[in-house]
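Engineer: got a sequence here, can you build the structure:
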Amino acid sequence: MANSVVFALQVSWPKSPAGTELKDESTLPDLIKYLYEWGIFLGGLVAFIALIIAGFQYLTSVGDPARMKDAMDRIKSAFLGLILLLGSWLILNTISPQFTSFPPLEFKPPSEEAISPYETCGPNKPCSDPVNYECKNGYCIPKEPPTEPCEKVELSGGVTGIIKANEDTQKTIPTGTTFSSKSTPERCAGTLQLFGKISAGKCEDFRCPAGVNDKNISCDTDVKCVKLFAPEK
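Structural biologist: This next block holds a predicted model:
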(Lines give C-alpha, C1' and ligand atoms only; values in the text may rest on other atoms or scores of the structure.)
Protein backbone atom coordinates (compact mmCIF):
# COMPACT_ATOMS: atom_id res chain seq x y z
CA MET A 1 0.00 0.00 0.00
CA ALA A 2 2.84 2.38 0.86
CA ASN A 3 4.14 2.18 -2.69
CA SER A 4 0.79 2.33 -4.48
CA VAL A 5 0.12 5.20 -6.85
CA VAL A 6 -2.38 7.99 -6.27
CA PHE A 7 -5.21 7.02 -8.61
CA ALA A 8 -8.03 9.01 -10.18
CA LEU A 9 -7.05 12.63 -9.62
CA GLN A 10 -10.34 14.41 -10.17
CA VAL A 11 -8.91 17.94 -10.25
CA SER A 12 -5.68 19.60 -11.27
CA TRP A 13 -3.82 20.12 -8.03
CA PRO A 14 -1.68 23.26 -7.92
CA LYS A 15 2.03 22.96 -7.46
CA SER A 16 3.31 23.24 -3.92
CA PRO A 17 5.38 26.30 -2.95
CA ALA A 18 8.48 24.13 -3.37
CA GLY A 19 7.42 23.00 -6.84
CA THR A 20 6.06 19.52 -6.08
CA GLU A 21 3.23 18.53 -8.45
CA LEU A 22 0.76 15.65 -8.14
CA LYS A 23 0.21 13.51 -11.22
CA ASP A 24 -1.54 10.23 -11.99
CA GLU A 25 1.76 8.39 -11.58
CA SER A 26 2.60 10.07 -8.26
CA THR A 27 3.35 7.76 -5.33
CA LEU A 28 2.43 8.02 -1.67
CA PRO A 29 5.75 9.70 -0.73
CA ASP A 30 4.97 12.37 -3.37
CA LEU A 31 1.61 13.02 -1.71
CA ILE A 32 3.19 13.27 1.75
CA LYS A 33 5.85 15.64 0.43
CA TYR A 34 3.17 17.73 -1.30
CA LEU A 35 1.08 18.08 1.89
CA TYR A 36 4.19 18.71 4.00
CA GLU A 37 5.34 21.60 1.80
CA TRP A 38 1.88 23.17 1.76
CA GLY A 39 1.67 22.77 5.54
CA ILE A 40 4.93 24.62 6.08
CA PHE A 41 3.88 27.39 3.67
CA LEU A 42 0.38 27.90 5.10
CA GLY A 43 1.64 27.71 8.67
CA GLY A 44 4.24 30.38 7.94
CA LEU A 45 1.63 32.54 6.17
CA VAL A 46 -0.74 32.35 9.15
CA ALA A 47 2.07 33.25 11.55
CA PHE A 48 3.07 36.19 9.33
CA ILE A 49 -0.50 37.52 9.15
CA ALA A 50 -0.89 37.14 12.90
CA LEU A 51 2.34 39.09 13.35
CA ILE A 52 1.10 41.95 11.13
CA ILE A 53 -2.25 42.13 12.97
CA ALA A 54 -0.54 42.11 16.35
CA GLY A 55 1.89 44.82 15.23
CA PHE A 56 -0.95 47.02 13.98
CA GLN A 57 -2.79 46.49 17.26
CA TYR A 58 0.32 47.48 19.20
CA LEU A 59 0.79 50.68 17.18
CA THR A 60 -2.83 51.73 17.65
CA SER A 61 -2.97 50.97 21.35
CA VAL A 62 -0.55 53.66 22.53
CA GLY A 63 -1.80 54.99 25.85
CA ASP A 64 -3.76 51.83 26.65
CA PRO A 65 -1.47 49.52 28.70
CA ALA A 66 -3.94 46.61 28.62
CA ARG A 67 -4.24 46.61 24.83
CA MET A 68 -0.48 47.07 24.43
CA LYS A 69 0.18 44.07 26.66
CA ASP A 70 -2.35 41.99 24.71
CA ALA A 71 -0.73 43.01 21.42
CA MET A 72 2.75 42.18 22.73
CA ASP A 73 1.53 38.72 23.81
CA ARG A 74 0.17 38.18 20.29
CA ILE A 75 3.50 39.20 18.78
CA LYS A 76 5.38 36.80 21.05
CA SER A 77 2.95 33.98 20.22
CA ALA A 78 3.31 34.62 16.48
CA PHE A 79 7.11 34.58 16.72
CA LEU A 80 7.01 31.41 18.84
CA GLY A 81 4.72 29.68 16.33
CA LEU A 82 7.00 30.67 13.46
CA ILE A 83 10.07 29.39 15.31
CA LEU A 84 8.38 26.06 16.09
CA LEU A 85 7.25 25.68 12.48
CA LEU A 86 10.69 26.30 11.02
CA GLY A 87 12.40 24.49 13.88
CA SER A 88 10.45 21.30 13.13
CA TRP A 89 12.01 21.14 9.65
CA LEU A 90 15.48 21.87 11.08
CA ILE A 91 15.16 19.15 13.73
CA LEU A 92 13.95 16.52 11.24
CA ASN A 93 16.64 17.45 8.72
CA THR A 94 19.33 17.26 11.44
CA ILE A 95 18.18 13.77 12.49
CA SER A 96 18.08 12.52 8.90
CA PRO A 97 17.77 14.43 5.58
CA GLN A 98 15.45 11.64 4.39
CA PHE A 99 12.80 12.92 6.83
CA THR A 100 12.47 16.09 4.74
CA SER A 101 13.45 14.86 1.27
CA PHE A 102 10.92 11.97 0.99
CA PRO A 103 12.84 9.64 -1.34
CA PRO A 104 10.70 7.23 -3.42
CA LEU A 105 10.00 3.88 -1.83
CA GLU A 106 11.47 0.80 -3.45
CA PHE A 107 9.69 -2.54 -3.11
CA LYS A 108 11.81 -5.61 -3.56
CA PRO A 109 9.99 -8.96 -3.77
CA PRO A 110 11.21 -11.58 -1.30
CA SER A 111 13.86 -13.95 -2.52
CA GLU A 112 12.92 -17.48 -3.46
CA GLU A 113 14.37 -18.74 -0.21
CA ALA A 114 12.08 -16.46 1.80
CA ILE A 115 8.87 -17.49 0.03
CA SER A 116 8.58 -20.76 1.96
CA PRO A 117 9.64 -21.24 5.59
CA TYR A 118 9.95 -24.99 5.04
CA GLU A 119 12.97 -27.11 4.30
CA THR A 120 13.38 -28.35 0.74
CA CYS A 121 13.37 -32.09 0.06
CA GLY A 122 13.29 -34.65 -2.76
CA PRO A 123 13.79 -38.31 -3.64
CA ASN A 124 17.44 -38.19 -2.56
CA LYS A 125 16.98 -35.55 0.13
CA PRO A 126 14.59 -36.64 2.90
CA CYS A 127 13.32 -34.28 5.59
CA SER A 128 15.67 -33.91 8.54
CA ASP A 129 12.72 -34.55 10.90
CA PRO A 130 10.69 -37.32 9.22
CA VAL A 131 8.67 -37.88 12.38
CA ASN A 132 6.92 -34.51 12.25
CA TYR A 133 7.40 -33.53 8.58
CA GLU A 134 6.65 -35.16 5.23
CA CYS A 135 7.92 -34.31 1.77
CA LYS A 136 5.27 -32.75 -0.48
CA ASN A 137 5.93 -30.88 -3.73
CA GLY A 138 9.60 -30.45 -2.85
CA TYR A 139 9.05 -29.05 0.67
CA CYS A 140 8.97 -30.59 4.15
CA ILE A 141 5.40 -29.89 5.28
CA PRO A 142 4.29 -30.44 8.91
CA LYS A 143 2.20 -33.57 9.37
CA GLU A 144 -1.24 -33.45 10.92
CA PRO A 145 -1.12 -33.15 14.74
CA PRO A 146 -1.06 -36.60 16.37
CA THR A 147 -4.15 -37.74 18.24
CA GLU A 148 -3.00 -41.07 19.67
CA PRO A 149 -1.42 -40.65 23.14
CA CYS A 150 2.16 -41.83 23.68
CA GLU A 151 2.67 -45.08 25.56
CA LYS A 152 6.33 -44.69 26.46
CA VAL A 153 9.53 -42.82 25.61
CA GLU A 154 12.99 -44.35 25.35
CA LEU A 155 15.90 -42.12 26.39
CA SER A 156 19.35 -42.52 24.84
CA GLY A 157 22.68 -40.70 24.65
CA GLY A 158 23.67 -38.97 27.89
CA VAL A 159 20.68 -40.59 29.65
CA THR A 160 19.19 -44.04 29.07
CA GLY A 161 15.99 -45.66 30.23
CA ILE A 162 12.31 -46.00 29.43
CA ILE A 163 9.69 -43.56 30.70
CA LYS A 164 6.09 -44.84 30.69
CA ALA A 165 3.14 -42.57 30.12
CA ASN A 166 1.81 -40.64 33.11
CA GLU A 167 4.20 -42.29 35.55
CA ASP A 168 6.76 -40.43 37.68
CA THR A 169 10.23 -41.93 37.14
CA GLN A 170 13.26 -41.08 39.25
CA LYS A 171 16.10 -40.15 36.92
CA THR A 172 19.17 -38.06 37.85
CA ILE A 173 20.31 -35.86 34.98
CA PRO A 174 23.14 -33.37 35.75
CA THR A 175 22.94 -29.83 34.41
CA GLY A 176 23.78 -29.59 30.70
CA THR A 177 23.60 -33.32 30.03
CA THR A 178 22.52 -33.90 26.43
CA PHE A 179 20.32 -36.83 25.42
CA SER A 180 17.63 -37.84 22.93
CA SER A 181 14.20 -39.44 23.13
CA LYS A 182 12.09 -41.71 20.95
CA SER A 183 8.41 -42.31 21.50
CA THR A 184 6.19 -45.36 21.09
CA PRO A 185 4.18 -45.10 18.89
CA GLU A 186 6.72 -43.14 16.87
CA ARG A 187 4.30 -40.27 16.23
CA CYS A 188 2.01 -39.64 19.18
CA ALA A 189 0.66 -36.90 21.46
CA GLY A 190 2.76 -36.27 24.54
CA THR A 191 5.34 -34.12 26.30
CA LEU A 192 8.43 -35.09 28.22
CA GLN A 193 8.57 -33.14 31.50
CA LEU A 194 11.71 -32.75 33.63
CA PHE A 195 11.51 -31.94 37.35
CA GLY A 196 14.01 -30.79 39.95
CA LYS A 197 13.10 -33.25 42.71
CA ILE A 198 11.00 -36.29 43.59
CA SER A 199 9.03 -36.54 46.82
CA ALA A 200 7.02 -39.57 47.96
CA GLY A 201 7.43 -41.05 44.50
CA LYS A 202 6.04 -37.96 42.78
CA CYS A 203 7.81 -35.48 40.51
CA GLU A 204 7.93 -31.95 41.91
CA ASP A 205 9.54 -28.59 41.00
CA PHE A 206 9.06 -28.51 37.22
CA ARG A 207 12.20 -27.35 35.36
CA CYS A 208 11.82 -27.73 31.57
CA PRO A 209 9.85 -29.59 28.85
CA ALA A 210 11.00 -31.58 25.83
CA GLY A 211 9.42 -33.16 22.77
CA VAL A 212 8.81 -36.88 22.79
CA ASN A 213 11.05 -37.30 19.72
CA ASP A 214 13.56 -34.50 20.32
CA LYS A 215 17.31 -34.77 19.88
CA ASN A 216 20.00 -33.01 21.89
CA ILE A 217 17.75 -32.37 24.89
CA SER A 218 19.34 -30.54 27.84
CA CYS A 219 18.17 -28.61 30.89
CA ASP A 220 20.00 -25.70 32.54
CA THR A 221 19.43 -27.18 36.03
CA ASP A 222 19.79 -30.59 37.63
CA VAL A 223 16.92 -33.02 37.00
CA LYS A 224 15.83 -35.66 39.53
CA CYS A 225 12.56 -36.90 38.04
CA VAL A 226 11.11 -37.37 34.54
CA LYS A 227 7.50 -37.80 33.49
CA LEU A 228 5.87 -38.53 30.13
CA PHE A 229 2.63 -36.58 30.04
CA ALA A 230 0.28 -38.23 27.52
CA PRO A 231 -3.13 -36.57 27.18
CA GLU A 232 -6.26 -38.49 26.30
CA LYS A 233 -7.35 -38.74 22.67
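
Engineer: all contacts plus neighbour counts: C-alpha atoms, from now on.
Structural biologist: Fine.

Engineer: what is the end-to-end distance of stretch 139-151?
Structural biologist: 30 Å (Cα to Cα, to the nearest Å).

Engineer: what's in contact with that stretch?
Structural biologist: By Cα atoms under 8 Å, 6 or more residues apart in numbering, the residues outside stretch 139-151 that reach it are 118-122, 127, 132-135, 164-165, 183-185, 187-190, 230-233.

Engineer: buried subset of those as a PyMOL selection?
Structural biologist: Selection of buried members from those for PyMOL, criterion 16 or more other Cα atoms under 10 Å:
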select buried, resi 119+120+121+127+132+133+134+135+164+165+183+184+187+188+189+190+230
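
Engineer: ok, the residue nearest to residue 202 when sequence neighbours are not counted to residue 148 distance?
Structural biologist: Nearest non-adjacent residue to residue 202, counting by Cα to Cα, 6 or more residues apart in numbering: residue 168, 5.7 Å away. From residue 168 over to residue 148 the distance is 20 Å, taken as Cα to Cα.

Engineer: quick one, which of those two is more surrounded?
Structural biologist: Using other Cα atoms under 10 Å, the more surrounded residue of residue 168 and residue 148 is residue 168, with 21 against 15.

Engineer: you'd agree that one is up against residue 226?
Structural biologist: Yes. Using Cα atoms under 8 Å, residue 168 is in contact with residue 226, at 6.2 Å.

Engineer: now do the shared contacts for those two.
Structural biologist: Joint contacts of residue 168 and residue 226 (Cα under 8 Å, 6+ apart) are residue 203.

Engineer: which residues of this structure fall in strands?
Structural biologist: 133-136, 139-142, 152-157, 161-164, 168-173, 179-184, 191-199, 202-211, 223-229 (DSSP state E).

Engineer: most packed of the ones you listed?
Structural biologist: Comparing the strands of the chain by mean neighbour count (mean count of other Cα atoms under 10 Å), strand 223-229 ranks first with a mean of 25.

Engineer: contacts for that one?
Structural biologist: Residues contacting strand 223-229 (Cα under 8 Å, 6+ apart): 152-153, 163-175, 190-198, 203-204, 207.

Engineer: if we go to 6 Å?
Structural biologist: 165-173, 190-198, 203 (Cα atoms under 6 Å, 6 or more residues apart in numbering).

Engineer: and the angle from that strand to strand 152-157?
Structural biologist: Going by axes from the mean of the first three to the mean of the last three Cα atoms, to 10 degrees, strand 223-229 is angled at 140 degrees with respect to strand 152-157.

Engineer: what angle separates strand 223-229 from strand 202-211?
Structural biologist: 70 degrees.

Engineer: what is the rounded mean pLDDT of strand 223-229?
Structural biologist: The average pLDDT within strand 223-229 is 94.

Engineer: for the protein, what helix or strand is lowest in average pLDDT?
Structural biologist: helix 112-115 (a mean of 44; mean pLDDT, DSSP states H and E).

Engineer: would you mind measuring from the residue nearest to residue 177 when sequence neighbours are not counted to residue 225?
Structural biologist: Closest residue in space to residue 177, ignoring its immediate chain neighbours: residue 218 at 5.5 Å, by Cα to Cα, 6+ apart. Separation of residue 218 from residue 225 (Cα to Cα) stands at 14 Å.
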